[in-house]
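J.: 3D, please:
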Amino acid sequence: MILLLTIINFGWALIPDSVPAQINIYNWLVDGRVRFPFGENPEHAYNLSLFNLDAMFASHEVDKLENDAELRIILIGDSSIWGFLQKPEQTLAGLLRQQHKDKDIGVYNLGYPSISILKDALIIDYALQYEPDLVIWFTTLEALPTEKQLPTPIVANNASKLKDIIGKYSLSNINPQQPSFLQRTFWAQRRNIFDIIRLQFYGILWEATGIDQDYPDSYREAQRDFPEPKLDFYGITAGQELRKILSIEVIESVIEKNSEVDFILVNEPILVSEGENAHLQYNFYYPRWAYDTYREIINTFTAENGIKYYDLWNMVPEAEFTNSAIHLTATGGKMLANTINEIILEYLGESTKSNEE
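T.: Residues are numbered from 1 along each chain as shown. Modelled structure (predicted):
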């Protein structure tokens, strides 16, 4: 028995990313989830956080696409796209679905609550197997600093897939440390395996209730006053070269190497404070100088690389943000959805015209 357990423990290290997605009841016993599993209070949300891409996608409705004729749109981004404090029908994907419910168009929410351009690249690359027609990629300055890419949990927990996309997309400035043999053993991965099993049980409760998030009665509102304004951004101060600390080439390479898919890049709305020292700091994340410089950089970058880009940074009023400088109220969400719908309709017009030609 001891020998068998030893073989299982160390043999587990030979499995890529060390978690089997075959442990799954979604899309057959229960419906697939409309957004990725995420949550810190599973007893109330019937949900929990996973970091293994195979298991995340296996639990998602996108893993059971049957209508080959539909035009498939996937939304990529952070917690603002996933829908923090929003019910599924209030998310951007949910609102867009309502606007296109009589059309053969599928809109899928592949946002996830961490802000990282490399995390987005991992999700996009995995999602390519579902043959999307259009990827709408929401980003912001906080997603771009190179130093924060590797510590992001999804990135850190998908070592083999990360290695693949570093090669595929020639990401020269991303240098991960591969997990050790002992870190890949069954014993080291037991919590990840247990969480996947727990997600199956919560799937039954989620299917019965439709609840996939814990909605608090109150929350701490996003910071709007800055008595001691932040003047640096990841160690860079005004006058220094912001571009050198950003991993913008991830965007360029992902879009360039997937030319069979249409991409639209969106600079997502942020809270623009009118409070104390707002002339120095936009919100919790951004000194004004850093964000203004970023907007100049990404505008130039997208123009030079022929990337379709929309800068929606200040389209939502300050009052329409909840507990974060990127999380929208129901009203703010509808404002964004209406604008994105106009972008989609413009895309559909261009796509139709291109097909006719």
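
J.: what ranges do the strands span in the protein?
T.: 71-76, 105-109, 134-139, 232-233, 236-237, 262-267, 309-311 (DSSP state E).

J.: redo those as JSON lines? Include mean neighbour count.
T.: (C-beta placed from N, C-alpha, C; glycine too.) As requested, the strands of the chain are exported to JSON lines (neighbours: other C-beta atoms under 10 Å):
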{"stretch": "strand 71-76", "mean neighbour count": "22"}
{"stretch": "strand 105-109", "mean neighbour count": "22"}
{"stretch": "strand 134-139", "mean neighbour count": "24"}
{"stretch": "strand 232-233", "mean neighbour count": "17"}
{"stretch": "strand 236-237", "mean neighbour count": "16"}
{"stretch": "strand 262-267", "mean neighbour count": "21"}
{"stretch": "strand 309-311", "mean neighbour count": "17"}
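
J.: mind putting the ones you listed into JSON lines with mean pLDDT and distance to residue 97?
T.: Output for the strands of the chain, formatted as JSON lines (pLDDT from 0 to 100; distance: least, C-beta to C-beta, whole Å):
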{"stretch": "strand 71-76", "mean pLDDT": "96", "distance to residue 97": "10"}
{"stretch": "strand 105-109", "mean pLDDT": "95", "distance to residue 97": "5"}
{"stretch": "strand 134-139", "mean pLDDT": "98", "distance to residue 97": "14"}
{"stretch": "strand 232-233", "mean pLDDT": "96", "distance to residue 97": "36"}
{"stretch": "strand 236-237", "mean pLDDT": "94", "distance to residue 97": "40"}
{"stretch": "strand 262-267", "mean pLDDT": "98", "distance to residue 97": "18"}
{"stretch": "strand 309-311", "mean pLDDT": "98", "distance to residue 97": "20"}
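
J.: what about residue 192, how many neighbours?
T.: Neighbour count for residue 192, taken as other C-beta atoms under 10 Å: 16.

J.: surely it is in contact with residue 156?
T.: No. Residue 192 lies out of contact with residue 156 (C-beta atoms under 8 Å); the separation is 11.7 Å.

J.: nearest spatial neighbour of residue 157, skipping sequence neighbours?
T.: Counting by C-beta to C-beta, 6 or more residues apart in numbering, residue 157 lies nearest to residue 51, which is 3.8 Å off, once chain neighbours are set aside.

J.: in this structure that neighbour contacts residue 154, no?
T.: Yes. Between residue 51 and residue 154 there is a contact under C-beta under 8 Å: 5.1 Å.

J.: can you put the strands of the chain in CSV and add distance to residue 274?
T.: Formatted as CSV, the strands of the chain follow (distance: least, C-beta to C-beta, whole Å):
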stretch, distance to residue 274
strand 71-76, 29
strand 105-109, 31
strand 134-139, 24
strand 232-233, 21
strand 236-237, 24
strand 262-267, 20
strand 309-311, 20
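
J.: so which of these is nearest residue 173?
T.: Taking C-beta to C-beta, strand 236-237 is the member of the strands of the chain nearest to residue 173, at 15.8 Å.

J.: neighbours of residue 36, just the number please.
T.: 24.

J.: got the confidence number for it?
T.: Looking at residue 36, its pLDDT reads 96.

J.: and it, what does it touch?
T.: Shown in contact with residue 36 (C-beta atoms under 8 Å, 6 or more residues apart in numbering): 50, 56, 59, 60, 82, 109, 110, 111, 112.

J.: quick check, nearest of those residues to residue 322?
T.: Relative to residue 322, the closest of those is residue 82; by C-beta to C-beta it sits at 13.5 Å.

J.: can you give me the helices in the chain?
T.: Assigned by DSSP state H, the chain shows helices spanning 2-11, 42-45, 53-58, 79-82, 92-99, 117-127, 153-156, 159-168, 190-209, 249-256, 288-305, 330-356.

J.: by neighbour count, which of the contacts of residue 36 wins?
T.: residue 112 (29 neighbours).

J.: from residue 35, how far off is it?
T.: Applying C-beta to C-beta, to the nearest Å, the value for residue 112 to residue 35 is 8 Å.

J.: what do you get for residue 263?
T.: Residue 263 sits 21 Å away from residue 35, taking C-beta to C-beta as the criterion.

J.: got the end-to-end distance for stretch 30-39?
T.: End-to-end span of stretch 30-39 (C-alpha to C-alpha, to the nearest Å): 19 Å.

J.: below-threshold pLDDT in the stretch 151-300 of the chain: ranges please.
T.: Scanning the stretch 151-300 of the chain for pLDDT under 70 picks out the ranges 175-191.

J.: go again using 50 as the cut-off
T.: Scanning the stretch 151-300 of the chain with the threshold set as pLDDT under 50 gives 181-182, 187.
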